[in-house]
Each structure stands twice: as C-alpha cells, then as structure tokens.
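Undergrad: got a predicted structure here, sequence first:
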Amino acid sequence: MLSTQLSIQKKLPYILLHRVLVPLILCLSFGGSAWAAPSCGELRHRWYGRYVRDLKVSWSTKNFTCRKKKAKRVDDGLVALALYDLETARFRGRPAAPVSSAVNFYELVKKSVSKLEYDSGCEEGVLASALGTVVTLCDEYFADSREDRAATLVHEARHTQADDADHVSCVGGKYKDDDQGCDQTFYSGLWKGSGYNADIVFYHWNMHKSLRRNELSKSVMQSMINSMIPDRFNQISAKSIKDWRKFNPQLPDGGILVL
C-alpha cells in the first residue's frame, strides 16, 4: 500500500505537467481556431477534386505543394488554402431582404470568375487583376498574407460584376494620385462600390459574424481595415462613419449572391 502511494506521488507531477498543464497551455495559446488547419491531403483533394474545375484554373497544376506560408511565384497550395478559407467560413445572420441565402464567399467567387490565370509579368505592386470575368493572379499575390490572399479573390470577384463601380485615382492619403488606387465612396460594409468596399465586407463578416473562429487572424484583418478606410476611399461621409460604428454589416437588396 505504501509502495503504491509513493508511486502515485511520484507520478502526480508528471500527470499534472503532461496531462493537465500542457494541454491547458496549448488550448490558451491556440484557442483562436475552432478547427484544425487543413491537412496537405485534404487541400490536395479539394484542389484536384473541386477547385481546379470550379475556378477553371488555366496554369499547369501538376506540382501541388502545401507546406509554404508564402511564395515568390505561383503556388497551388496557397491558392487552395485561400479557397478553403472562403469555402469553410460560416456566418451568423443573413443578407438584407429579400435575399434568403446565407453569405457564401466561395460561391460568390465560383459564380463570378470564369477562369483563373497566372501572370509572372505583372506590374510592381499588383496582386491580381480582373478583365471581364477572368481573374489573373500575380507573383505578389503569393507573397501576401493568408488573410489578404482570401480577401483578394473576393475583391477581384467584385470587379467581374456588372455593377462594379471600378477604382478611381486617389485624391489624398497614402496613395494620393495613384491611378486606380481607391474606391470613390466608402459604403460602411455594404456590397456596393468596388473592390476595396468588397474587402471591407469580407473582413468585417469574418471578424464580427463568423459562426466559429477560423484560422484567419482578427488582428491582421483589423489592421487591414484600419489602413484601408483612411487611404482607399475618396469620400467618407459622417453618416457612413456613423453606420460603420454600429458594426452591423448589411447587404443591399440582391446581397452577395442568390442561390
């Protein structure tokens, strides 16, 4: 009996450390994700089983890798991860009436983009571009953050839509006189205007309407919003700021998509 008690006492520090404290520390450290990162096998399966077909990817997809966080040129795994982040996102609430479908950024991109291309010769500073319904990814897209890679697909999908207002030259701020560097008007989270308004919609829904915490960093997305609002919009009215501060993203009639 005494031997058993001593054995248990010796094991207690080990049990406390490895069975209680370590899992607790890991939970606190990585608790921002409600589900694990997708395995390489899962990304590969989605890429070849659905994404390549849905987006009509035009470049050679023979060499799939998914171990990089960033790359200097086209990387199938990074595109697959961006599409995965769009596809697996789930949100509270629904768009404004009369739309009954839930917000689904993957379906938005899938239905808006007729072909996904890659161009190694893009101008400096360009992540992606849209011509008609064809979206082209550039080298700088693959060197960007995970959050912005997902948002960029939404941004470019907005450019493919008939009511896209397109970008205009910036009249002030960090990008003053940058041709096509701004949206004319800030719409407080509405699906209106052009690509930078679309970025705001994507980040805002992920930060404030997500049903489950995903792997996209809220601090990165908030930083993107903070930098975009003063520098990427020529007109910001007092009313639009008041509406924005309500943190109640609404979509106009027609919503993001109608299923």
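TA: That came through fine.

Undergrad: could you pull out the helices in the stretch 1-150 of the chain for me?
TA: Secondary structure of the stretch 1-150 of the chain by DSSP state H, counting those that start in this stretch: the helices cover 2-15, 22-30, 40-46, 52-54, 76-87, 105-112, 139-142, 146-159.

Undergrad: run through who's touching the shortest one.
TA: Counting contacts by CB atoms under 8 Å, 6 or more residues apart in numbering, the residues outside helix 52-54 that touch it are 61, 110. Placement of C-beta: from N, CA and C, glycine included.

Undergrad: quick check: beta-bridge partners of residue 185?
TA: residue 235 (DSSP bridges).

Undergrad: what's the distance between it and residue 236?
TA: 8 Å (CB to CB, to the nearest Å).

Undergrad: compare these two (neighbour count), which wins?
TA: residue 185 (19 against 15; other CB atoms under 10 Å).

Undergrad: tell me who's in contact with the more buried one.
TA: Residue 185 sits in contact with 165, 192-193, 233-236, 240, where contact means CB under 8 Å, 6+ apart.

Undergrad: turn those residues into TSV, including distance to residue 218.
TA: Converted to TSV, those look like this (distance: CB to CB, whole Å):
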residue	distance to residue 218
165	28
192	24
193	24
233	22
234	28
235	28
236	23
240	23
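
Undergrad: now render those as JSON lines, adding pLDDT and distance to residue 112.
TA: Listed next are these as JSON lines, based on pLDDT from 0 to 100; distance: CB to CB, whole Å:
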{"residue": "165", "pLDDT": "95", "distance to residue 112": "16"}
{"residue": "192", "pLDDT": "92", "distance to residue 112": "16"}
{"residue": "193", "pLDDT": "95", "distance to residue 112": "16"}
{"residue": "233", "pLDDT": "97", "distance to residue 112": "22"}
{"residue": "234", "pLDDT": "97", "distance to residue 112": "25"}
{"residue": "235", "pLDDT": "96", "distance to residue 112": "26"}
{"residue": "236", "pLDDT": "94", "distance to residue 112": "27"}
{"residue": "240", "pLDDT": "89", "distance to residue 112": "25"}
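
Undergrad: for the most centrally placed residue in the chain, which residues are in contact?
TA: Closest to where the C-alpha atoms of the chain average out (CA atoms, centre = their mean) is residue 150, at 3.3 Å. For residue 150, the contacting residues are 82, 85-86, 105, 202, 216, by CB under 8 Å, 6+ apart.

Undergrad: next: residue 74.
TA: 59, 118, 120, 137, 139, 142.

Undergrad: list the buried residues in stretch 235-248.
TA: 240, 243-244 (16 or more other CB atoms under 10 Å).

Undergrad: do stretch 173-180 as well
TA: 173, 178.

Undergrad: next one: stretch 54-63
TA: By neighbour count on 16+ other CB under 10 Å, the buried set for stretch 54-63 is 54-55, 57.

Undergrad: pLDDT below threshold where in the stretch 1-150 of the chain?
TA: Residues of the stretch 1-150 of the chain meeting the criterion pLDDT under 70: 1-36, 93-102.

Undergrad: by neighbour count, which of the contacts of residue 74 wins?
TA: Neighbour-wise, the contacts of residue 74 (other CB under 10 Å) top out at residue 137, 27 neighbours.
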